[in-house]
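[1] okay, predicted coordinates and the sequence, questions at the end:
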Amino acid sequence: MNLIHWLFFLIFFSITPLIQYTTGQFPLWLDKEEAYPILLTNLLLITWIGFYVVGYYIRKPNNKKTSFAEERLRIGKRGVFISVYLSFLVLIIFLYVFGLRNMLIRGVYREVLYTIHPHHLMMFLDKFLKVIPALSLIGLLVMQGRWKNKKQWWFLTGSLVLVNLLVNNPFACSRYWAGTVILGFIVFLFIGKGKKKGWVLLTLLLGILILYPLSNEFRDKALKTIKVEQFNVNKLPMLYTSPNFDAYEMAVHTVQYRKRAGITYGRQLSGPLLFWIPRSLWKGKPVGSGRVVARFFSIPYENLCCPLPFEGYINFGVCGLILFAFGFGWILSSLDDYYWKTFGLTFPSILSVYYPFFLGFVFFMMRGDLLSSFSYTAMFIIAGLQLLIK
């Protein structure tokens, strides 16, 4: 998780902003001549780095033993069985709602998805139910050593692979979820304790710098409208100045928003914490911070990010940024430490299932906004709790 954090910083707060600044082409409307907000943004990012490092490393010498209740966190065979059955039920539901053809490409998948009302039902289907097959498959994989009937294990595992290829088809899923699933399985299958991780870092760099922007071609297209010639690597320099890489500019605009409108005193934090309350019941429920900034500056396109450091800044100013940095470093350090201490144990904990996917959520949360990333992470965690049934 620490690696993902620094990788995000390298790409979204270093490489692509440098390209945007030197070319004078930012994704939205920022002018490179606006020196003050750019300088202040850089100073705030340096502040984040300092307090994140403190939060990540300060706990290590003092917490050699985990405080988790390990027995309660161990997954059970009965829970894995229940999760597998739920995965088949999810496949049936998806085939009924979408149809096989509409589950193949993101454009047509989104068309059907956005016709589902009310909104919380759509979220339940897309952000909760489709998580279950992915967690079930990892659950089977971590239980392989304890599964006595190997033929049964192979049958269930093979079936879950097919279910995931349909329900979690990377060409139909949102980019954050496709990247989370792919990265999760790569880490689980190929990264072990003590193994070299340099090639994984290289793979992630190539994936984010090349596949991430090019994947946007699938966003609103049906299968028959996609053409191979559209995927031109020569487009990459232009893609680095597109809204796919708007994190740094939105950080600058959040600084500008803070200067003109002031801080929100935690209002933008209440939305993520109380995400489970429908807007139909909470008329004044906050929208994402990226949307708040977009509306303040009258940007027609409101689906914009707000990087995690500046979620703290928009809520409580510099103190909020420092608190978020320290807390985020502490949380990532705790999860990293616990996962690798318990890696390969005979009785795996549920973190063995969650952790590989958490890497994608770290990236998603760093990019923001917090309302989406936190609520999706919470639903992801809840979707795997049946694995704890003994």
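    Thanks, I have the structure now.

[2] only C-alpha atoms from now on, for both contacts and neighbour counts.
    Fine.

[3] look up how far Tyr257 lies from Tyr21.
    21 Å (CA to CA, to the nearest Å).

[4] which of these two has more neighbours?
    Counted by other CA atoms under 10 Å, Tyr21 and Tyr257 do not tie: Tyr257 has more neighbours, with 18 against 15.

[5] contacting residues around the nearest residue to the more buried one once chain neighbours are set aside?
    Leaving aside its sequence neighbours, Tyr257 sits nearest to Val293 (CA to CA, 6 or more residues apart in numbering; 6.5 Å). When contacts are counted by CA atoms under 8 Å, 6 or more residues apart in numbering, Val293 touches 253-254, 257.

[6] with distance to His117 and pLDDT added, can I get the residues you listed in a markdown table?
    Converted to a markdown table, those look like this (distance: CA to CA, whole Å; pLDDT from 0 to 100):
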| residue | distance to His117 | pLDDT |
| --- | --- | --- |
| His253 | 33 | 93 |
| Thr254 | 32 | 94 |
| Tyr257 | 33 | 93 |
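
[7] wait, which of those is closest to Ser159?
    Using CA to CA, Thr254 comes nearest to Ser159 of those, at 46.4 Å.

[8] what helix or strand is that closest one on?
    helix 247-261 (DSSP states H and E).

[9] does anything pack onto that helix? Which helices or strands?
    Helix 247-261 sits against helix 35-58, helix 289-296, helix 308-341, with contacts defined as 3 or more CA pairs under 8 Å, 6 or more residues apart in numbering; DSSP states H and E.

[10] right, and those helices - which one's nearest Ile4?
    It is, among those and with distance given as CA to CA, helix 308-341, at 10.2 Å.

[11] lowest confidence element among the helices and strands of this protein?
    helix 212-214 (a mean of 64; mean pLDDT, DSSP states H and E).

[12] please tell me how far Phe190 sits from Leu141.
    13 Å.

[13] show me the shaky parts of this protein.
    Scanning the chain for pLDDT under 70 picks out 60-71, 192-201, 203, 207, 209-237, 343-347.

[14] swap the cut-off to 50 and go again
    62-63, 66-68, 220, 222-226, 228-231 (pLDDT under 50).

[15] identify the residue spatially nearest to Asn2, adjacent ones excluded.
    Nearest residue to Asn2, sequence neighbours excluded (CA to CA, 6+ apart): Leu332, at 6.5 Å.

[16] ok, how many other residues are close to the one you found?
    Leu332 has 20 nearby residues by other CA under 10 Å.

[17] which ones are touching it?
    1-2, 56.

[18] Lys390 too?
    75-79 are the contacts of Lys390 under CA under 8 Å, 6+ apart.

[19] can I have the buried ones of those residues as a PyMOL selection?
    Listed next is the PyMOL selection for buried residues among the contacts of Lys390, using 16 or more other CA atoms under 10 Å:
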select buried, resi 75+76+77+79
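
[20] of the contacts of Lys390, closest to Tyr96?
    Of the contacts of Lys390, the one sitting nearest to Tyr96 (CA to CA) turns out to be Gly79, at 25.8 Å.

[21] so who does the closest one touch?
    Contacts of Gly79 (CA under 8 Å, 6+ apart): 386-390.

[22] which of those residues ranks first by neighbour count?
    Busiest of the contacts of Gly79 [other CA under 10 Å] is Leu387, holding 25 neighbours.

[23] what sits closest to that residue if chain neighbours are left out?
    Gly79 (4.0 Å).

[24] one more: Thr377?
    In space, Thr377 is closest to Phe361, 6.7 Å off (CA to CA, 6+ apart).

[25] pull the residues that contact the helix or strand harbouring the one you found.
    Element membership for Phe361 (DSSP H and E) is helix 351-367. The contact list for helix 351-367 (CA under 8 Å, 6+ apart) reads 1, 4-5, 8, 73, 135, 138-139, 142, 176-177, 179-181, 183-185, 187-188, 247, 305-309, 335, 339, 343, 373-374, 377, 381.

[26] so which of those residues belong to helices?
    Counting by DSSP state H, the part of these found in helices is 4-5, 8, 73, 135, 138-139, 142, 176-177, 179-181, 183-185, 187-188, 247, 308-309, 335, 339, 373-374, 377, 381.

[27] from the residues you listed, list the buried ones, please.
    4-5, 8, 73, 135, 138-139, 142, 177, 179-181, 183-185, 187-188, 247, 308-309, 335, 339, 373-374, 377, 381.

[28] so what's the nearest residue to Gly317 once chain neighbours are set aside up against?
    Distance criterion CA to CA, 6+ apart; nearest residue to Gly317, sequence neighbours excluded, is Ile263 at 6.2 Å. Contact partners of Ile263, counting by CA under 8 Å, 6+ apart, are 313-317.

[29] with Ile49 instead?
    Ala325.

[30] circling back: which of the contacts of Ile263 has the most neighbours?
    Result: Ile314 is most packed of the contacts of Ile263 (other CA under 10 Å), 29 neighbours.

[31] measure the closest residue in space to that one that isn't next to it in sequence to Leu30 for me?
    Nearest non-adjacent residue to Ile314, counting by CA to CA, 6+ apart: Ile263, 5.2 Å away. Relative to Leu30, Ile263 is positioned 21 Å away (CA to CA).

[32] kindly report the same for Val252.
    Distance from Val252 to Leu30, by CA to CA: 8 Å.

[33] and the two? Which one has more around it.
    Ranked by neighbour count (other CA under 10 Å), Val252 and Leu30 place Val252 first, with 23 against 17.

[34] thought the more buried one was touching Pro37?
    Yes - Val252 is in contact with Pro37 according to CA atoms under 8 Å; the separation is 6.0 Å.

[35] so Cys305 sits right up against Phe245, yeah?
    No - if you go by CA under 8 Å, Cys305 and Phe245 don't touch, sitting 9.5 Å apart.

[36] out of the two, which sits in the more crowded spot?
    Cys305 (29 against 24).

[37] ok now do that one, which residues does it touch?
    Cys305 touches 246-247, 250, 289-291, 367-369, counting by CA under 8 Å, 6+ apart.

[38] reformat those as JSON lines; add distance to Ser87.
    Listed next are those as JSON lines, based on distance: CA to CA, whole Å:
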{"residue": "Asp246", "distance to Ser87": "36"}
{"residue": "Ala247", "distance to Ser87": "35"}
{"residue": "Met250", "distance to Ser87": "38"}
{"residue": "Ser289", "distance to Ser87": "34"}
{"residue": "Gly290", "distance to Ser87": "34"}
{"residue": "Arg291", "distance to Ser87": "34"}
{"residue": "Arg367", "distance to Ser87": "30"}
{"residue": "Gly368", "distance to Ser87": "29"}
{"residue": "Asp369", "distance to Ser87": "29"}
